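Undergrad: sequence and predicted structure below; questions after.
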Number of protein chains: 2
Amino acid sequence: MARVVVDVMLKPEILDPQGQAVQRALPRLGFDGIAIAEVRQGKRFELEVDGPVDEAALTRIQELADTFLANTVIEDFTVRVES
Amino acid sequence: MARVVVDVMLKPEILDPQGQAVQRALPRLGFDGIAIAEVRQGKRFELEVDGPVDEAALTRIQELADTFLANTVIEDFTVRVES
């Protein structure tokens, strides 16, 4: 069993209200001591794959991320084999 | 500027309806050729931190994740410095 991780984040130029809400809440929660310039929130998908993840499987997962897991108009994604 | 990533995933014993919905959709979308045994969906937070991320800052971000970014009753989280 191998784990492939697909991380989906909003493109840098796209406004991220969820991330901004987290950032604005930090002082109220007492976390103003850390110099956090920006917070962005996205999605993480963990795909447990039976057997080895060969080049062909990785290519198919890239296609899956491109067509289904991410909205590539506003989001970027990365695919990596984690274990 | 350093980037700290906080990944928040449902605990393994917690049902993940979103992940299951993705998994069930795979054959319909033509992705039944890859042997994906399970799909789980979670959240990824990217924190852009001014200056170096020393031990103290990392500890504070751990506390932030523990109290605010994750619901530790049903979620696990990991914190790592990405760049």
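TA: On my side now, so go ahead. Numbers count the residues shown, from 1 in each chain, chains lettered A, B, ... in the order given.
Undergrad: close to chain B, is stretch A:66-81?
TA: Yes: Stretch A:66-81 lies in contact with chain B when judged by C-beta under 8 Å from any C-beta of the partner chain; the contacting residues are A:67-69. Glycine gets a C-beta too; all of them are placed from N, C-alpha and C.
Undergrad: distance between the ends of that stretch?
TA: Its first and final residues considered, stretch A:66-81 spans 16 Å by C-alpha to C-alpha, to the nearest Å.
Undergrad: which among the residues of stretch A:66-81 next to chain B count as buried?
TA: A:L69 (16 or more other C-beta atoms under 10 Å in any protein chain shown).
Undergrad: now render the residues of stretch A:66-81 next to chain B as TSV, adding distance to A:K43.
TA: TSV is the format used below for these (distance: C-beta to C-beta, whole Å):
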residue	distance to A:K43
A:T67	15
A:F68	12
A:L69	8
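Undergrad: and which of the residues of stretch A:66-81 next to chain B is nearest to chain B?
TA: Checking the residues of stretch A:66-81 next to chain B against chain B by C-beta to the nearest C-beta gives A:F68 as the nearest, at 5.9 Å.
Undergrad: isn't the closest one right up against B:Q23?
TA: No: applying C-beta atoms under 8 Å, one finds A:F68 not in contact with B:Q23, separated by 11.3 Å.
Undergrad: which strands border the longest strand anywhere in chain A, and is each parallel or antiparallel?
TA: In terms of residue count, the longest strand belonging to chain A (DSSP state E) is strand A:36-49. Strand A:36-49 pairs in its sheet with strand A:2-10 (antiparallel), strand B:36-49 (antiparallel), by DSSP bridges.
Undergrad: what are the buried residues along it?
TA: For strand A:36-49, burial by neighbour count (16+ other C-beta under 10 Å) applies to A:36, A:38-49.
Undergrad: before we move on, what about stretch A:69-83?
TA: Of all the residues in stretch A:69-83, those buried under the rule 16+ other C-beta under 10 Å are A:69-70, A:75, A:77, A:79.
Undergrad: so which of those are in strands?
TA: Among these, the members found in strands (DSSP E) are A:75, A:77, A:79.
Undergrad: re the thing from before, in CSV, list the residues of stretch A:66-81 next to chain B along with pLDDT.
TA: Formatted as CSV, the entries for these read as follows, by pLDDT from 0 to 100:
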residue, pLDDT
A:T67, 95
A:F68, 95
A:L69, 97
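Undergrad: between the residues of stretch A:66-81 next to chain B, which is nearest B:K11?
TA: Taking C-beta to C-beta as the measure, A:L69 is the one of these closest to B:K11, at 21.7 Å.
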